[in-house]
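> sequence-free structure coming up:
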């Protein structure tokens, strides 16, 4: 006979009640993330499992000065030439985040790529493909906290990626399904691809592309809290893209100067 003590007296414990006590005492421990740096941190968990870490996101305003840019609107550049900017597509990559009292840090994400000599190399994986129909872009995993004073990135791709083909990348990777103009068979990836149509005199749609990367650095005021996703707002003023270019005689375009002008179109903050 098994007894239990109730109010100071020993009473018989039924086999059913005893079984219930055994089941209760052997309950499976609660699984959860015990890393305080994770977005799903659970202090009540018994066993560490399944942590997810903060993502840094770029929140983009696609602008024409102080208004949202539209492919149907007619704009005028510094040369007095009217045009419509039909499309503007480009890659951003190689992000560096400068944290006060910490210094420069990068995302933790990498991708394994095959090099020309057949060797395999891990490459930082922070490529995003910008198009005007989207405003939010996930750059990658960034575990940090404090004040982010500035960010730096390049328009274009890392050299280790430019000699690849779309099938070299996973299905959902931005380089696996490049937007129109950002990959040309036999030529490879482009960093920037635009299409614009001169309004006067009317003519064919002009398509410009560029390969060489261009660096952009922006001062920021982002407070990063541990365990939370990070959002960095930026605005791209597309009127800067063709402000100084002769779109009537495009054969005189200087690609280097054009990319420098594109770099100046970025600013911190949203509309």
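Done, it's in. Please read these numbers as outputs of a predicted model, since none were measured by experiment.

> OK, contacts around the residue minimising distance to the centre of the chain?
By C-alpha atoms, centre = their mean, the chain has its centre lying nearest to residue 139, at 2.4 Å. Shown in contact with residue 139 (C-beta atoms under 8 Å, 6 or more residues apart in numbering): 55-58, 95, 107, 126, 128. Yep, even glycine has a C-beta here, placed from its N, CA and C like the rest.

> chain center to the strand or helix carrying it: distance?
Using DSSP states H and E, residue 139 maps to strand 136-141. Centroid displacement of strand 136-141 relative to its chain, using C-alpha atoms, centre = their mean, to the nearest Å, is 3 Å.

> buried stuff in it?
Neighbour-count burial for strand 136-141 flags 137, 139-140 (criterion: 16 or more other C-beta atoms under 10 Å).

> still on that earlier bit, relative to residue 183, which of the contacts of residue 139 is nearest.
residue 128 (15.4 Å; C-beta to C-beta).

> residue 60: neighbouring residues, count only.
22 (other C-beta atoms under 10 Å).

> also residue 44?
Per other C-beta under 10 Å, the neighbour tally for residue 44 reads 7.

> can you pull out the helices in the chain?
Using DSSP state H, the helices found in the chain span residues 15-25, 159-162, 255-263.

> what is the shortest one packed up against?
Contacts of helix 159-162 with other secondary structure elements, assessed using 3 or more C-beta pairs under 8 Å, 6 or more residues apart in numbering; DSSP states H and E, are made with strand 120-124, strand 188-189.

> make CSV from these and add mean pLDDT to it.
Formatted as CSV, those follow (pLDDT from 0 to 100):
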stretch, mean pLDDT
strand 120-124, 91
strand 188-189, 94
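
> in strands, which of the contacts of residue 139 fall?
Counting by DSSP state E, these place 55-58, 95, 128 in strands.

> now that we have these, which one has the most neighbours?
residue 56 (24 neighbours).

> isn't that one up against residue 96?
No. In this structure residue 56 lies outside contact range of residue 96 using C-beta atoms under 8 Å: 11.4 Å.

> pLDDT and distance to residue 204 added to the ones in strands among the contacts of residue 139, as TSV?
Below are the ones in strands among the contacts of residue 139 laid out as TSV (pLDDT from 0 to 100; distance: C-beta to C-beta, whole Å):
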residue	pLDDT	distance to residue 204
55	96	42
56	97	40
57	97	38
58	98	33
95	98	36
128	97	30
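
> pick the one among these closest to residue 144.
Checking the ones in strands among the contacts of residue 139 against residue 144 with C-beta to C-beta, the nearest one is residue 56 at 9.1 Å.

> beta partners for the closest one?
Beta-bridge partners of residue 56, counted by DSSP bridges, are residue 140, residue 230.

> quick one: residues contacting it.
Contact partners of residue 56, counting by C-beta under 8 Å, 6+ apart, are 95, 97, 107, 138-142, 229-232.

> so residue 207 sits right up against residue 193, yeah?
Yes. Look at residue 207 against residue 193 with C-beta under 8 Å: they come within range, at 7.1 Å.

> between the two, which contacts overlap?
With contacts defined as C-beta under 8 Å, 6+ apart, the residues shared by residue 207 and residue 193 are residue 181.

> show me which of those two is the more surrounded one.
Per other C-beta under 10 Å, whichever of residue 207 and residue 193 has more neighbours is residue 193, with 22 against 14.

> excluding its backbone neighbours, what's nearest the more buried one?
Excluding its sequence neighbours, the residue lying closest to residue 193 (C-beta to C-beta, 6 or more residues apart in numbering) is residue 181, at 3.0 Å.
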